[in-house]
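Enquirer: Sequence unavailable; structure follows:
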Ligand SMILES: Cc1ncc(COP(=O)(O)O)c(C=O)c1O
């Protein structure tokens, strides 16, 4: 029986799915050693607001009931916070889902999805998943080069993704550059401005709300996974013109944000002290960590200027001090960073800002490694 020709027929993966490299998440454990600090996924080291925890605990008993499919109360809370229309908001299973919804609603076979080199890894997956062709524009020192993105637009471009601040590089382009990029795009191209790290940026910054209010082809993508410390609840939201929101609703899963997540997000939004503390801490320790890396400058290390809750470190092109070596040394100290070889940056290591103790431990481990390897 087993040798009949029919048994050799197997389901065929779609060719565009075969081209996908599955997302590699940051490590969560160290083989055989206690974890001193998990600094691999840009999470909030203080956890969620206690008010969010209380709100989630209060609704656990409703777990037999499907969540509100429209996330009405959460959208209204977001609308009130940002002074925008709740009907222009869509909630998603993390902003990851929203990235897929944008690609799925506006791109397909024969279309192009454009983003910057070293952009967020999910853009490539989202493009390929729907059979579209990912197109990568060159960066300038790890940051978005607006002219290069505009030069890469073709008549087949349907979606442009930009993470600002960008992950994994932490780089930021100013509001004027974001607007110049948008202004250079045709009106039929969706500009998806992914501001997952908006709350950690400062200065001249465009968070997409004004842009998406004024233009029908802009969607701002945001998340509760970072400053709000609710990554496990998987809550993202998008803000755009009604026609874009309508298209995304058509293809989303009906009950895509759990009741706990909706309740936790509403409470987290209201706890300003918690987010203010996380923001102040992150900015202080991001500067401190970058300074520590700069102090190791003789060894050829460079901290890429970051506007997010992590610092990416570039290692020298040659010599004994390498990103791979540093990653291994940190791991042996129980510190999990993100080695970026999986994203074609074998010279780079990304370290999330942890608590003071965690961040100090990471810097000390890095220094020990560099001094040992260089000396
Ligand atoms: C730039 C960027 N966008 C989107 C996401 C997805 O976040 P989530 O799906 O947790 O909302 C991440 C997560 O790391 C990110 O770095």
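Expert: Good, I have the coordinates. This structure is a prediction, so every number in the text was calculated from the model and none was measured.
Enquirer: Could you pick out the residues of the protein near the ligand for me?
Expert: 42, 94-96, 120, 163, 167, 194, 196, 223, 225, 231, 236 (Cβ under 6 Å from any ligand atom). All C-beta spots, glycine's among them, are computed from the backbone N, C-alpha and C.
Enquirer: and the residues you listed, which of them are in strands?
Expert: 163, 194, 223, 236 (DSSP state E).
Enquirer: I figured the third one hits residue 238, correct?
Expert: No: using Cβ atoms under 8 Å as the test, residue 223 is too far from residue 238 to be in contact (10.2 Å).
Enquirer: Residues that sit against both of these two, list them.
Expert: residue 95 (Cβ atoms under 8 Å, 6 or more residues apart in numbering).
Enquirer: need the contact list for whichever residue of the chain sits closest to the ligand.
Expert: For the chain, the residue closest to the ligand is residue 94, as judged by Cβ to the nearest ligand atom, at 2.5 Å. Going by Cβ under 8 Å, 6+ apart, residue 94 touches 223, 225, 231, 234, 235, 236.
Enquirer: for this structure, longest helix please?
Expert: Secondary structure of the chain per DSSP state H: the longest helix is helix 272-295.
Enquirer: how distant is the following helix or strand past that one from the center of its chain?
Expert: Next helix or strand after helix 272-295 toward the C-terminus (DSSP states H and E): strand 302-304. Using Cα atoms, centre = their mean, to the nearest Å, the mean C-alpha position of strand 302-304 is found 19 Å from that of the whole chain.
Enquirer: In the stretch 1-150 of the chain, where is pLDDT below threshold?
Expert: 1-7 (pLDDT under 70).
Enquirer: swap in the stretch 151-300 of the chain?
Expert: For the stretch 151-300 of the chain, no range has pLDDT under 70.
Enquirer: Neighbours of the spatially closest residue to residue 167 that is not a sequence neighbour, how many?
Expert: Take residue 167 and drop its neighbours on the chain: the residue closest to it by Cβ to Cβ, 6 or more residues apart in numbering is residue 120, 5.2 Å away. A count of nearby residues for residue 120, using other Cβ atoms under 10 Å, gives 23.
Enquirer: Also the one 10 residues further on?
Expert: Other residues within reach of residue 130 by the criterion other Cβ under 10 Å amount to 20.
Enquirer: how about it, what does it touch?
Expert: 16, 103, 104, 107, 108, 109.
Enquirer: Report how many residues lie close to the third one.
Expert: Neighbour count of residue 104, defined by other Cβ under 10 Å: 20.
Enquirer: Which helix or which strand is home to it?
Expert: Secondary structure assignment for residue 104, by DSSP H and E: helix 94-106.
Enquirer: can you give me how far that helix is from the chain middle?
Expert: For helix 94-106 - counting by Cα atoms, centre = their mean - the centre lies 13 Å from the chain centre.
Enquirer: Tell me the first helix or strand C-terminal of it.
Expert: Sequence order places strand 112-116 as the next helix or strand after helix 94-106, per DSSP H and E.
Enquirer: Just the buried positions in that following strand, please.
Expert: Residues of strand 112-116 classed as buried by neighbour count (16 or more other Cβ atoms under 10 Å): 112, 113, 114, 115, 116.
Enquirer: Could you export the residues you listed to CSV, including columns for distance to residue 282?
Expert: Below are these laid out as CSV (distance: Cβ to Cβ, whole Å):
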residue, distance to residue 282
112, 35
113, 31
114, 30
115, 25
116, 23
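Enquirer: quick one: the closest residue in space to residue 372 that isn't next to it in sequence and residue 215, what's the gap?
Expert: Leaving aside its sequence neighbours, residue 372 sits nearest to residue 329 (Cβ to Cβ, 6+ apart; 7.8 Å). Distance of residue 329 to residue 215, computed by Cβ to Cβ, to the nearest Å: 47 Å.
Enquirer: Please enumerate the strands of the stretch 251-375 of the chain.
Expert: Using DSSP state E, counting those that start in this stretch, the strands of the stretch 251-375 of the chain run over residues 302-304, 310-314, 335-336, 338-339, 348-352.
Enquirer: mind putting these in a markdown table, mean neighbour count, distance to residue 174 and mean pLDDT included?
Expert: Putting the strands of the stretch 251-375 of the chain into a markdown table (neighbours: other Cβ atoms under 10 Å; distance: least, Cβ to Cβ, whole Å; pLDDT from 0 to 100) gives the following:
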| stretch | mean neighbour count | distance to residue 174 | mean pLDDT |
| --- | --- | --- | --- |
| strand 302-304 | 20 | 16 | 97 |
| strand 310-314 | 25 | 19 | 98 |
| strand 335-336 | 26 | 32 | 96 |
| strand 338-339 | 23 | 26 | 97 |
| strand 348-352 | 27 | 22 | 98 |
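Enquirer: quick revisit: and the residue of the chain closest to the ligand, what are its bridge partners?
Expert: Note on residue 94: beta-bridge partners by DSSP bridges are residue 235.
Enquirer: which ones are touching residue 262?
Expert: Contacts of residue 262 by Cβ under 8 Å, 6+ apart are 67, 68, 71, 73, 74, 91, 235.
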